[in-house]
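Undergrad: Provide a 3D model corresponding to the input given below.
(one chain, ligands or ions: 1)
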Amino acid sequence: MLENKEKNLKKLCSINEKILELLNKKNILLENEPSLNSFLIKQKLLEKLNLNNYKKLDTKYINQVFNEIYSNSFFYDNEKIVYLGPEGSYTHEASINLFGINNNYYSVNSIKNIFFEVEEGRAKYGIVPIENSSNGIVGDTINCFDNYNLNIIGETVLDIHHTLVSNCSKTQDIKIIYSKDIAFDQCSIFLENYHLNEVKYEYVDSTTKAAKLAAQTPNSAAICSKLAAKTHNIPILFESIEDKKDNKTRFLIISKFENERNDNTKTSIIVKLPNTQGSLINFLNDFKKAKINLNKIKSHIVKGISTFFIEFEGDKNDKEVQKIIKKHNSHIKVLGSYMKQIEDI
Ligand SMILES: O=C(O)C(=O)C[C@]1(C(=O)O)C=C[C@@H](O)C=C1
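TA: Residues are numbered from 1 along each chain as shown. This is a model prediction of the structure:
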């Protein structure tokens, strides 16, 4: 019995050594061929690994392990990832899903500053929220896509569960609530039910900042994640206060770089059409004629002009897509083609 255990321990030791040897080999290969160190290639390889998962390991586990394995390659070139912080925000959580826990991260305090950092080249990748299943498109992100020339290179979706945190033990003592605009909207039924829609709302740039302020300010509360509550050591009064239990937010990775052409991609564009009869119908008809499947069309006002955020199946370099882009060149801004992770939220 004991002999068997000894033997198995030796086997385990040799497996671990092999893992280490392979990790070293992988690092040397990536050092010699840095072009393989791309987000898209990593995603494609992950997809393949999950397909070949013959012993049926949990997909989440495989993704976590490989994201961590890949995370150290960012440090070679001092490549950084910027997200909407502070630490513990939902955008931070989305970043970890995409790039692992131990990556080369830093945070800024607004969506605009994420675009700025990536444009200035201080970060190679930026993570921004783009839409929520309950309250639609994130206006700040669309405005920034209009103002900056950056590409979308990937996406992820996160389940969002909000908490109400406060140092007050009774909701009657709360005089002010801090949160991000979009988080207030996602919890409107709860706020109404507890008469909290009658207190002052203070809009801040992120839910973690809200938690920090509520921890410091008497008679206040915040809507934030459980993680932010823990980070700022503030008691949770209510959990899962979002109106819809399947509340989800989709996040995008932005970069100065473009993805190479790929299958299983979708493309995002913003479109500003002339205010003339049939202009939208005619534009959409071109997609129908080219047999391109449209996934999404959302309208948003940018600088007083009605702007459409449109997504469709296919790569921006596909022949049929190119024809449409050329035809409507002055009205379209292509934001990027990237691997589809989800049909819709
Ligand atoms: O404030 C945060 O924690 C964020 O990461 C931002 C954000 C957003 O703006 O959509 C992300 C997810 C939720 O929808 C609420 C807030």
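Undergrad: going forward, measure contacts between C-alpha atoms and count neighbours the same way
TA: OK.
Undergrad: For the ligand, see how far away Asn24 is.
TA: 35 Å (Cα to the nearest ligand atom, to the nearest Å).
Undergrad: and the host helix or strand of that residue, what does it pack onto?
TA: Asn24 belongs to helix 2-32 when assigned by DSSP states H and E. In this structure, helix 2-32 packs against helix 73-76, with contacts taken as 3 or more Cα pairs under 8 Å, 6 or more residues apart in numbering; DSSP states H and E.
Undergrad: The spatially most central residue of the chain pairs with what?
TA: Central residue of the chain (Cα atoms, centre = their mean): Phe251, 2.4 Å from the mean position. Beta bridges link Phe251 to Pro129, Thr156, judged by DSSP bridges.
Undergrad: pretty sure it contacts Gly126?
TA: No. Phe251 is beyond contact range of Gly126, at 10.1 Å (criterion: Cα atoms under 8 Å).
Undergrad: before we move on, the earlier item: counting neighbours, which bits of the helix holding Asn24 end up buried?
TA: 27, 30 (16 or more other Cα atoms under 10 Å).
Undergrad: need the next SSE after that helix, C-terminal direction.
TA: Defined by DSSP H and E, the subsequent element after helix 2-32 is helix 39-51.
Undergrad: Now do the very next helix or strand once past that following helix against helix 2-32, angle only.
TA: For helix 39-51, the following helix or strand on the C-terminal side (DSSP H and E) is helix 59-71. Here helix 59-71 runs at an angle of 50 degrees relative to helix 2-32 (axes from the mean of the first three to the mean of the last three Cα atoms, to 10 degrees).
Undergrad: can you list contacts of helix 59-71?
TA: Identification of contacts with helix 59-71 by Cα atoms under 8 Å, 6 or more residues apart in numbering yields 23, 42, 46, 50, 97-104.
Undergrad: Same question for stretch 184-193.
TA: 134-135, 162, 197, 223, 241-244, 247.
Undergrad: again, 7 Å this time
TA: 134-135, 197, 241-243 (Cα atoms under 7 Å, 6 or more residues apart in numbering).
Undergrad: on that earlier part again, wait, what's in contact with the residue nearest to the centre of the chain?
TA: 94, 127-130, 155-157.
Undergrad: now, among those, which is nearest to the ligand?
TA: Lowest distance from the ligand to the contacts of Phe251 (Cα to the nearest ligand atom) belongs to Pro129, with 5.0 Å.
Undergrad: Run through the residues that contact that closest one.
TA: Applying Cα under 7 Å, 6+ apart, the residues near Pro129 are 91, 138, 249-252.
Undergrad: quick check, nearest of these to the ligand?
TA: Thr91 (3.7 Å).
Undergrad: In contact with the closest one, which residues are there?
TA: Taking Cα under 7 Å, 6+ apart, one finds 83-84, 127-129 in contact with Thr91.
Undergrad: let's see it at 10 Å
TA: 82-85, 97, 107, 127-129, 158, 206-207, 249-252 (Cα atoms under 10 Å, 6 or more residues apart in numbering).
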